[in-house]
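Asker: Take a look and give me a structure for this.
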Amino acid sequence: MIPNRCVGLSRLHLFIQMGVSLILFWTVFLVLHFFVYPGGMESPAHYSLASAVLVLSLLIEYSTRTEDEKSLSGLNTRRLRGVCHRQLVFAMATMFGFIVMSKDHTLSRIFLGSFFVLEFLWITWSNLYGFRSVSRNLFRSAARGRGRALLVGTGADINHYLSNSRAPIFPGLDLFGYVTIGSDSPSSAACALPELGNFQNIRDICGDSKAKALVLLGLQSRGDLVSPVIQLADDFGLRAMWIDNIDSRFGQRFHPYHTGKYSIVSHMNEPLEDPINRMSKRMLDLVGSVFGMIFVLPPAIVLVWIIQRLKSPGPLFYTQERTGRNGEKFKCYKFRSMYVNRLDEGVQTEKNDSRIFPGGDFIRKTSIDELPQLINVLLGDMSIVGPRPHAEFTDLEHADRTHLYRLRALAKPGITGLAQCKGYRGDTSEPSQIRNRVRMDLFYIQNWSLLFDIHIIVLTIVHLIKPSRTAY
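Answerer: Have a look, this model is predicted:
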């Protein structure tokens, strides 16, 4: 019952989102048509095609989600916002792709800007609050006596479930009490349900309470209770469902995925393992690297060449083998900021390093020396945003000091990253400094989104104008 209701709710929620999105689309069109443009909007037929493209984008985005993201039930706020961002990015990318492919110049830019602001507000509200509101109202009548559900579990499991604001919803079921397994009871302060007894007396409790469903928490270590519960459900005509709390068993770092009769539990969430996300990030990298190599790299080459000719004649670029995604080695390009005969000493750069020629400190502090890595981005060795790549000897040193360090290699290295934007760059002589870098890098890997990348790029531009005190 519950899985079918959840699947149906997900589809209904999507149809509601599409319907309201269309209403917003044509409302904005009519307002501009009658009140903003004196002669009316051009080519209404083109807007009809654009509205169809909008609906198609929402359908495509929905089809690429994981099963738990489709239902939205039980997702925390961070993951719900991630879904919102995906929907908006899909809608914008599809709409602008339609404009480019059809060479349509009639769609008003004022219309597009106004609509997408309203669409973002609607998508965000409907995902954060609307899904649960639909569930409560759609199955409200089913919960009046006909959906009485009894909660069964250990005191700790019941306490955790009832105190969790993002616990999964059960459309049409109304929890009216709980039965404990074992001698412990949940905290009375956190539990709003009455205790009806112990599992030993569950048959009498089900008969007296006229329960219609059993909601069982955990029971992973109590396989001996599975058969009695199934027998009980069959005898009383009850619906029985188990809730497996992954957090309580493995910890909050773990993420489940359900396929067929199996559940796969991973210890890290990696959005960039989604092919759609990876393609989106690669498109941003290609656009950013081509733009940078045309408009940013040439003037930087002239500036660095002049500084080098005056202070330290020699090659313009400096290449060093760095460690990339999954430990793969690649040749990393940089502008040379050190004396020619002091480049390869296998020692990490320090503040006021004697190997840096006059003017080289300016090149490094403003991160101009990193711009040639746009070539690495274009070649696919790096990304614009990601954990910073290090030389192999530096990786070995940091890995010995921080046990999570090697997890950075799960993503492509980047020209810039969250750690650098938060000021964690430069000196790594203290263990806390490298730990903070790793913490930021892992947060980025587990919470990636296209908007997150754009946010980091904007912060990087700000830091280029006003370098942080830790830069050298």
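Asker: ranges for the strands of the stretch 351-472 of the chain?
Answerer: 383-385, 414-416 (DSSP state E, counting those that start in this stretch).
Asker: in the stretch 251-400 of the chain, which segments are predicted with low confidence?
Answerer: Residues of the stretch 251-400 of the chain meeting the criterion pLDDT under 70: 251-265, 342-348, 350-351.
Asker: coming back round to it: okay if I get the strands of the stretch 351-472 of the chain as a markdown table plus mean neighbour count?
Answerer: From N, CA and C alone the C-beta is placed, and that goes for glycine too. Putting these into a markdown table (neighbours: other Cβ atoms under 10 Å) gives the following:
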| stretch | mean neighbour count |
| --- | --- |
| strand 383-385 | 27 |
| strand 414-416 | 26 |
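Asker: so can I have JSON lines of those showing distance to residue 375?
Answerer: Below are the strands of the stretch 351-472 of the chain laid out as JSON lines (distance: least, Cβ to Cβ, whole Å):
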{"stretch": "strand 383-385", "distance to residue 375": "12"}
{"stretch": "strand 414-416", "distance to residue 375": "11"}
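Asker: how about those, which one is nearest residue 196?
Answerer: For the strands of the stretch 351-472 of the chain, the distance to residue 196 is smallest for strand 383-385, at 53.8 Å, taking Cβ to Cβ.
Asker: which secondary structure elements does that closest one contact?
Answerer: Packed against strand 383-385 by the contact rule (3 or more Cβ pairs under 8 Å, 6 or more residues apart in numbering; DSSP states H and E) you find helix 275-291, strand 414-416, helix 450-465.
Asker: Pull the distance from the last one to the chain's centre.
Answerer: I take that to be helix 450-465. 17 Å (Cα atoms, centre = their mean, to the nearest Å).
Asker: Could I get the buried residue list for that helix?
Answerer: Buried residues in helix 450-465, counted by 16 or more other Cβ atoms under 10 Å: 450, 452, 453, 456, 457, 460, 463.
Asker: Which single one of those is nearest to residue 244?
Answerer: Closest approach to residue 244 among these (Cβ to Cβ): residue 452, at 30.0 Å.
Asker: Could you tell me whether residue 179 really is in a helix?
Answerer: No. Remark: residue 179 does not belong to a helix; assigned using DSSP: H, G, I helix; E, B strand; the rest coil, it is strand.
Asker: wait, isn't it in contact with residue 155?
Answerer: No. Judged on Cβ atoms under 8 Å, residue 179 makes no contact with residue 155 at a distance of 10.8 Å.
Asker: My guess is residue 336 contacts residue 319. True?
Answerer: No. Contact criterion Cβ under 8 Å: residue 336 and residue 319 do not qualify, at 9.5 Å.
Asker: For the two, work out which one has more neighbours and name it.
Answerer: Of the pair residue 336 and residue 319, residue 336 is the one with more neighbours under other Cβ atoms under 10 Å, namely 21 against 14.
Asker: OK, contacts around the more buried one?
Answerer: Applying Cβ atoms under 8 Å, 6 or more residues apart in numbering to residue 336 gives the contacts 304, 308, 312, 314, 315, 316, 317, 318, 343, 360, 369.
Asker: Distance of it relative to residue 391?
Answerer: 16 Å (Cβ to Cβ, to the nearest Å).
Asker: And for residue 33?
Answerer: 61 Å.
Asker: sorry, back to before: and the buried residues of helix 450-465 as TSV, adding distance to residue 70?
Answerer: Shown next, in TSV, are the buried residues of helix 450-465 (distance: Cβ to Cβ, whole Å):
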residue	distance to residue 70
450	20
452	22
453	24
456	28
457	30
460	34
463	38
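Asker: more crowded one of residue 179 and residue 155?
Answerer: residue 179 (23 against 18).
Asker: Residue 308: neighbour count?
Answerer: Residue 308 has 21 nearby residues by other Cβ under 10 Å.
Asker: What helix or strand is it located in?
Answerer: In this assignment (DSSP states H and E), residue 308 forms part of helix 297-311.
Asker: Check residue 101 too.
Answerer: Element membership for residue 101 (DSSP H and E) is helix 77-102.
Asker: Pop the domain breakdown of this protein in here.
Answerer: The chain breaks down into these domains under automatic domain parsing: 2-138, 142-267, 273-465.
Asker: of all the strands of the stretch 351-472 of the chain, which lies closest to residue 42?
Answerer: So among the strands of the stretch 351-472 of the chain, strand 383-385 is nearest, using Cβ to Cβ, at 37.1 Å.
Asker: So what are the sheet partners of that closest one and their directions?
Answerer: strand 414-416 (parallel) (DSSP bridges).
Asker: The partner strand: how far from the chain's middle?
Answerer: On Cα atoms, centre = their mean, the centre of strand 414-416 falls 19 Å from that of its chain.
Asker: what residues does stretch 284-303 touch?
Answerer: 316, 335, 368, 371-372, 374-375, 377-378, 383-384, 450, 453-454, 457.
Asker: Pick out whichever of those sits closest to residue 407.
Answerer: For the contacts of stretch 284-303, the nearest to residue 407 is residue 383 (16.5 Å; Cβ to Cβ).
Asker: circling back to that earlier point, just want the angle from the helix holding residue 308 to helix 275-291.
Answerer: 60 degrees (axes from the mean of the first three to the mean of the last three Cα atoms, to 10 degrees).
Asker: hang on, the earlier thing: just name the closest of the buried residues of helix 450-465 to residue 203, please.
Answerer: residue 452 (52.8 Å).
Asker: wait, isn't that closest one in contact with residue 446?
Answerer: No. Between residue 452 and residue 446 there is no contact, the gap being 10.8 Å when judged by Cβ under 8 Å.
Asker: quick one: residue 98 from residue 404, how far?
Answerer: Using Cβ to Cβ, one gets 43 Å for the distance from residue 98 to residue 404.
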